[in-house]
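>>> structure, please.
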Amino acid sequence: MKAVIDRFEADYAVVLFGDEEIKVNIPKKLLPPGAKEGSWLKVSFALDPEGTAKQKEKISNLLNKLKKKNLNP
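Next comes the predicted model:
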């Protein structure tokens with residue numbers, strides 16, 4: 001997917017994604033060095049099954065701790 005930096009506002013870049021020009025504010029510090037208004041970006045997203053599994057485990061552990069806490073006040 002491609003996106004273009006439309007403008008900068010404070011610490012954010014207003015980036016327009018795809019043909020529909022979906023507007024997203026992105027922190028400047030996440031942009032590549034040299035990025036400026038009018039710069040085109042190549043953007044991709046990929047699922048991270050391992051990260052997802054770790055997050056589910058973390059949430060499950062937190063829920064179990066809360067349940068135990070409620071059973072033994």
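
>>> ok, residue 37 to residue 28 distance?
Distance, residue 37 to residue 28, by C-beta to C-beta, to the nearest Å: 12 Å. Bear in mind the C-beta positions are built from the backbone N, C-alpha and C, glycine included.

>>> need the residues touching each of those two.
When contacts are counted by C-beta atoms under 8 Å, 6 or more residues apart in numbering, residue 37 and residue 28 have residue 8 as shared neighbours.

>>> parallel or antiparallel, which strands does the lengthiest strand in the chain pair with?
Identified as the longest strand of the chain according to DSSP state E is strand 2-9. Within its sheet, strand 2-9 is paired with strand 12-17 (antiparallel), strand 40-42 (antiparallel), according to DSSP bridges.

>>> buried stuff in that strand?
Within strand 2-9, the residues that count as buried by 16 or more other C-beta atoms under 10 Å are 3, 5.

>>> which residues sit against that strand?
Residues contacting strand 2-9 (C-beta under 8 Å, 6+ apart): 13-18, 23-25, 28, 31, 35-43.

>>> kindly report the same for stretch 15-32.
The list of residues contacting stretch 15-32 from outside it, by C-beta under 8 Å, 6+ apart, reads 1-6, 8-9, 11-14, 41, 43.

>>> among the strands paired with strand 2-9, which is the most enclosed?
Of all those, strand 12-17 has the most neighbours on average by mean count of other C-beta atoms under 10 Å, namely a mean of 18.

>>> after that one comes which helix or strand?
Going down the chain from strand 12-17, the next helix or strand is strand 22-27, by DSSP states H and E.

>>> lowest-scoring secondary structure element of the protein by mean pLDDT?
Of all the helices and strands that make up the chain, the one with the lowest confidence by mean pLDDT, DSSP states H and E is helix 49-71; it has a mean of 92.

>>> centre-most residue in this protein?
When the chain is reduced to its mean C-alpha position, the nearest residue by C-alpha atoms, centre = their mean turns out to be residue 26, at 8.9 Å.

>>> so what pairs up with it in the strands?
residue 13.
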